[in-house]
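> got a predicted model here, sequence first, then my questions.
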Amino acid sequence: MQNRLPLIALLTATVIYGLTNILIRFVGDENYFSIVFFVLLFSSLMFLPVLIITRTFTEVSSLNNFRYIIPLGFFVAATWFFIYFAIMKTSIANAVLGYATTPIFVVALSPFLLKEHINKPIMAALALAIFGVILIYDPRNLIQSIAPLGVISGILAGLASAFVEIIGRKMRNQYSPYSLTFLGTAIGILFIFPAFLLTGASLPATDSMGTVFLLGLGGVSGGTLLYYGLKHIPAQSASIIVLLEPFISIVAAFRIFLEVPSYLTILGAILLVTADLIIIKEQS
């Protein structure tokens, strides 16, 4: 059971992130920088008691390996901004499709940045996962439905997320998952704050504040579980497991918006689950 906890953590993080994609749509098309600023602010404030309870506040204040922690904050803020922008500029499906490029970037970069070896099962799982994502969004309609700006933003979110995962994996022995989660959001505030001021420093609408708070809660809980998984599982494998996120979003959209999945969507979901089973077998 102990060996499976990191896998369970990653799968739980995937569910949280998949539902977060749906929540973003409920915020509305407000000032992007304002929403991201308050998501990160709420995340940092609500996580302070966790640092005290887990006795990791000293670890945070020491700020070891600053050259990695600063980029972590930047990429956390960038991931939030680009995925929010993507979902506001195109459909949830297209936005998450762009975001699903994360494992491609992780697999491409991890041999150089993490010295992780790419084996055949990992490549097979990646191929199945990517093909599954394509089927979920129906390639027959893909070209017609893509809004380029939204998809490009989704891809940039995928790239930023890949760096978050790589840095999280690299810093697994220096920082606890709690510290990485807090530092990512807290330092992310510093990067988004100037843009927040320059764009009017506006508050989200009153009826959006509750959703923004839930986004912050989802961000820190999902982030903590992700970093815990990355502490024990190579970044390549972890990023493929998290590719189940589009499937979660599809299921949530069906339950909330009554969007009935197609046969290709179901087939794509089966391929994603198969890819995850390959990873689970590799890690067991």
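Sure thing, it's come through. Numbering: from 1, shown residues only.

> when you work out contacts or count neighbours from here on, use the C-alpha atoms and nothing else.
OK.

> how close does the nearest residue to residue 80 once chain neighbours are set aside sit to residue 207?
Distance criterion C-alpha to C-alpha, 6 or more residues apart in numbering; nearest residue to residue 80, sequence neighbours excluded, is residue 36 at 6.3 Å. Using C-alpha to C-alpha, to the nearest Å, residue 36 is found at 16 Å from residue 207.

> which residues touch the residue nearest to residue 80?
77, 80-81, 192 (C-alpha atoms under 8 Å, 6 or more residues apart in numbering).

> name the element residue 30 belongs to?
For residue 30, there is no enclosing helix or strand under DSSP states H and E.

> if I look at the residue nearest to residue 80, how far off is residue 117?
35 Å.

> what comes up buried for stretch 205-224?
Using 16 or more other C-alpha atoms under 10 Å as the test for burial, stretch 205-224 gives 208-209, 211-224.

> what mean pLDDT does that stretch have?
Per-residue pLDDT over stretch 205-224 has a mean of 90.

> residues in contact with that stretch?
Under C-alpha under 8 Å, 6+ apart, the answer for stretch 205-224 is 12-14, 16-17, 20, 23-24, 26-28, 35, 38-43, 46-47, 177-178, 180-182.

> out of those, which are inside strands?
Judged by DSSP state E, strands contain none of the contacts of stretch 205-224.

> those residues in helices, which ones?
Using DSSP state H, the members of the contacts of stretch 205-224 that fall within helices are 12-14, 16-17, 20, 23-24, 26-27, 35, 38-43, 46-47, 177-178, 180-182.

> by neighbours, which of the contacts of residue 36 wins?
residue 77 (28 neighbours; other C-alpha atoms under 10 Å).

> which SSE is that residue in?
helix 66-89.

> that helix: how far from the chain's middle?
Centroid displacement of helix 66-89 relative to its chain, using C-alpha atoms, centre = their mean, to the nearest Å, is 10 Å.

> what's the weakest-modelled helix or strand in this structure?
Ranking every helix and strand in the chain by mean pLDDT, DSSP states H and E puts helix 139-145 at the bottom, with a mean of 54.

> next structured bit after it?
helix 148-170.

> mind checking how far stretch 26-43 is from the chain centre?
The answer for stretch 26-43 is 16 Å, by C-alpha atoms, centre = their mean.

> which positions in it come out as buried?
For stretch 26-43, by 16+ other C-alpha under 10 Å, it's 27-28, 31-43.

> I'd say residue 179 and residue 62 touch.
No - taking C-alpha atoms under 8 Å as the definition, residue 179 is not a contact partner of residue 62, at 10.6 Å.

> of those two, who's got more company?
Using other C-alpha under 10 Å as the criterion, residue 179 and residue 62 rank with residue 179 on top: 24 against 9.

> quick one: residues contacting the more buried one.
Residue 179 touches 51, 56-57, 59-60, counting by C-alpha under 8 Å, 6+ apart.

> which one of the residues you listed is nearest to residue 197?
residue 60 (26.7 Å; C-alpha to C-alpha).

> how close does that closest one sit to residue 165?
Taken as C-alpha to C-alpha, the span from residue 60 to residue 165 is 19 Å.

> neighbour-wise, which of those two wins?
residue 165 (27 against 17).

> what's the per-residue pLDDT of the nearest residue to the more buried one once chain neighbours are set aside here?
Spatially, and ignoring its direct neighbours in sequence, residue 165 is nearest to residue 235 (6.4 Å; C-alpha to C-alpha, 6+ apart). Note on residue 235: pLDDT of 78.

> my read is that residue 235 contacts residue 167, right?
No - under the criterion of C-alpha under 8 Å, residue 235 makes no contact with residue 167, lying 9.4 Å away.

> neighbour count for these two, which is higher?
residue 235 (26 against 22).

> for that one, which residues are in contact?
Here residue 235 is in contact with 106-107, 110, 165-166, 169 (C-alpha under 8 Å, 6+ apart).

> pLDDT at residue 58, what is it?
Reported pLDDT for residue 58: 79.

> burial of it, as a residue count?
11.

> any idea how far it is from residue 175?
11 Å.

> mind naming the longest helix for the protein?
helix 206-232.

> from the chain's centre, how far out does that helix sit?
9 Å.

> start at 17, not 1
New numbering, starting at 17: the last item is helix 222-248.
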